[in-house]
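Student: Any chance you can model this:
(chains A and B)
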Amino acid sequence: MSVVLEARDLHRHFGGVKAVNGVSFAVEEGEILGVIGPNGSGKSTLFNCLLGQIPPSTGQVLLDGKDVTGMKPIELNRRGVSRTFQLLQVFPQLSSRENLILAGQEHIGSRMKRLFGRPDAGLSAAADRMLEQFKLSHVAALPAGGLSYGQQKLLDAAMAFMAGPRLVLLDEPAGGVNLSLLGSFRERLRAMNAQGGSTFVVIEHNMDFVMSLCTRVMCIAEGKVIANGKPDDVRNDPTVIEAYLGH
Amino acid sequence: MNQPHRVLPLALVLLLVAGLAGSVLKPYPIYLISLWAVYTISAIGLNLTLGFAGQISLAQASFVGFGAYATALLLPHGVPFGFTLVIGAAISFILGVLLGFPALRVQGHYLAFVTLALATIAFLVFRNESWLTHGTAGIDKIARPIPFTSDVAYMWLCLAALAVVTLGVWWLLRSPWGRAFLALRENPVRAASLGVDVRTYTLLAFAIGAGLGGVSGALFAPLGQYIEPSEFALPLSFSLLLMVVVGGSGSFLGPFLGAMVSVALPEVLRSFQDYYLLIYGVIVILLLVFSPDGIVGIIARGVARLRPTDAPVEPKP
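Tutor: Okay, the predicted model is just below:
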């Protein structure tokens, strides 16, 4: 399999704080890589460096073998990279359906064609299918700001898939999603991975969720990779246990 | 009230009623209806920039001025009114693009000050560059286009222009562009991560809003048939801002209602003479305290009370 995403010796310093301190890893096509680590270990900063939200201090990010270090989020999105954020990032005044249409519309035709084309950019049916897959059909017409936290999280994740991305980086997608929805959410992500051929990188604190979803897990502590391997191997790694429990 | 497709017929009916009423009124009310139509066009432009795309601008009066001076200066040279309107709108559109560039780097209060600087520069140009603008003496005897020379005919021209702008902005807001503008206002970081070109849409929001200011100015000049620099100074920018906020920022109908209040209220309060501005100010303060989403917000809440309550949506497992 080909490598989709690769980080080479990434560093990101904030003054004297080394939030990301020499991280290297590669993600192969079709993989679901879980990124775990205690709070403040540098996971979200790593995501932000990979996705052009903040430039790394040193190091390289490669997408399909091409250097994309520091490339702006919009450019990465055009190259098939999608993401969710740790905190909710839906558009509260738009309906759930409109949120999904927005998430896909900029990938349809030229800007002028979109102005004079259909108001929904031809994405209503795709948005409705996505709502159904994420069990949100019953709130399709409601403003996203009025949904429960868990529903907004699901919508947030669904938006990341609207443009048919090659690589999706999900930052704590399960946070706040209730247990009854979590199982079907995991299955949905698995199906997206299998059917769509997307490659995932998932930051998550819910160990059961990440261990049952991911094909490989990488643990970060104090900005460094301390374990990288099969989920069970990482779960039982003494270094990982020590990083989490502090002994 | 925020859904353009729902309120478009209402806006067009409002224009028709205003026109029919104006046709049987005396010259001064006809002038006020024409002024309302002209200011509404400019307020719609500012609402697009501020209300929908979330970019503050205190320079809208300058764009009205560019449109007005383009018309007033070109008409005597035999340029048809339609062309002067397009030229005025184009000048404002291009300057709007230039004004948009600072918005890519600064936001909020800082952006307000940048636009304030442009408004000040524009006013100084209108006032001091007498060789072109005739300075404080102003430009008079601005001809109205044939066959819209009478007060009533010119009022219909202003209302027709407002109808065209209304339809155009309705089209824009229901298109993916409108959705992108809203995304820009609500969360530019997330919008960029979804492929929305924040840079281009910010510039477009400024440019289209400014262009509509230019259209408004082109209609303003022949309305009073006289223009001078102070008409396009900061008080008009603040007044246009007030129209957007009082009407309901980010709502389709807001500029119509805000401009109506701004034009009509001083007339209603005229009998209070020296106290009218004081009363006007208090009314605006009370409105914004009790209804931050403006008059449209009050109407929307009234309509919601009349409707049967929707059943709460239960999450499905």
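Student: low-scoring pLDDT stretches of the chain, where are they?
Tutor: Reading this off chain A. Scanning chain A for pLDDT under 70 picks out A:1, A:245-247.
Student: The intended chain is chain B.
Tutor: For chain B, the ranges with pLDDT under 70 are B:1-3, B:5, B:308-317.
Student: let's see it at 50
Tutor: Counting by pLDDT under 50, chain B shows low-confidence ranges at B:1, B:311-317.
Student: tell me the centre residue of it?
Tutor: residue B:43 (1.4 Å; C-alpha atoms, centre = their mean).
Student: Grab the nearest non-local neighbour of that residue.
Tutor: residue B:255 (3.6 Å; C-beta to C-beta, 6 or more residues apart in numbering or on different chains). All C-beta atoms are positioned from the backbone trio N, CA, C, and that covers glycine.
Student: State whether that neighbour is indeed within a helix.
Tutor: Yes - counting by DSSP: H, G, I helix; E, B strand; the rest coil, residue B:255 is found in a helix.
Student: and stretch A:41-55, does that touch chain B?
Tutor: Yes - with C-beta under 8 Å from any C-beta of the partner chain as the criterion, chain B is reached by stretch A:41-55 at A:51, A:53.
Student: Grab the CA positions of that stretch and hand them over as PDB.
Tutor: Taking Å, rounded to 0.1, in the frame of the first residue of the first chain, the C-alpha atoms of stretch A:41-55 are listed here in PDB:
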ATOM      1  CA  SER A  41       0.700  15.700  25.200                       C
ATOM      2  CA  GLY A  42       0.600  17.600  21.900                       C
ATOM      3  CA  LYS A  43      -1.900  15.600  19.900                       C
ATOM      4  CA  SER A  44      -4.000  18.600  18.700                       C
ATOM      5  CA  THR A  45      -0.900  20.700  18.000                       C
ATOM      6  CA  LEU A  46       0.400  17.800  15.900                       C
ATOM      7  CA  PHE A  47      -3.000  17.900  14.000                       C
ATOM      8  CA  ASN A  48      -2.700  21.600  13.500                       C
ATOM      9  CA  CYS A  49       0.800  21.300  12.200                       C
ATOM     10  CA  LEU A  50      -0.200  18.500   9.800                       C
ATOM     11  CA  LEU A  51      -3.200  20.500   8.600                       C
ATOM     12  CA  GLY A  52      -1.600  23.900   8.100                       C
ATOM     13  CA  GLN A  53      -3.500  25.600  10.900                       C
ATOM     14  CA  ILE A  54      -0.100  26.400  12.500                       C
ATOM     15  CA  PRO A  55       3.300  26.000  10.700                       C
END
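Student: can you give me the strands for chain A?
Tutor: Under the criterion DSSP state E, strands of chain A are mapped to A:3-14, A:17-28, A:32-36, A:58-63, A:66-67, A:81-83, A:167-171, A:199-203, A:216-221, A:224-229.
Student: could you dump these to TSV with distance to chain B?
Tutor: Conversion of those to TSV gives the following (distance: least, C-beta to the nearest C-beta, whole Å):
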stretch	distance to chain B
strand A:3-14	16
strand A:17-28	19
strand A:32-36	18
strand A:58-63	15
strand A:66-67	19
strand A:81-83	6
strand A:167-171	10
strand A:199-203	14
strand A:216-221	22
strand A:224-229	25
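Student: Save those strands as JSON lines, and put in mean neighbour count too.
Tutor: Below are the strands of chain A laid out as JSON lines (neighbours: other C-beta atoms under 10 Å in any protein chain shown):
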{"stretch": "strand A:3-14", "mean neighbour count": "18"}
{"stretch": "strand A:17-28", "mean neighbour count": "18"}
{"stretch": "strand A:32-36", "mean neighbour count": "24"}
{"stretch": "strand A:58-63", "mean neighbour count": "17"}
{"stretch": "strand A:66-67", "mean neighbour count": "10"}
{"stretch": "strand A:81-83", "mean neighbour count": "26"}
{"stretch": "strand A:167-171", "mean neighbour count": "24"}
{"stretch": "strand A:199-203", "mean neighbour count": "24"}
{"stretch": "strand A:216-221", "mean neighbour count": "23"}
{"stretch": "strand A:224-229", "mean neighbour count": "18"}
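Student: to the chain's geometric centre, what's the distance from the helix ranked longest in chain A?
Tutor: Counting residues, the longest helix found in chain A (DSSP state H) is helix A:179-196. Mean-position distance between helix A:179-196 and its chain equals 14 Å (C-alpha atoms, centre = their mean, to the nearest Å).
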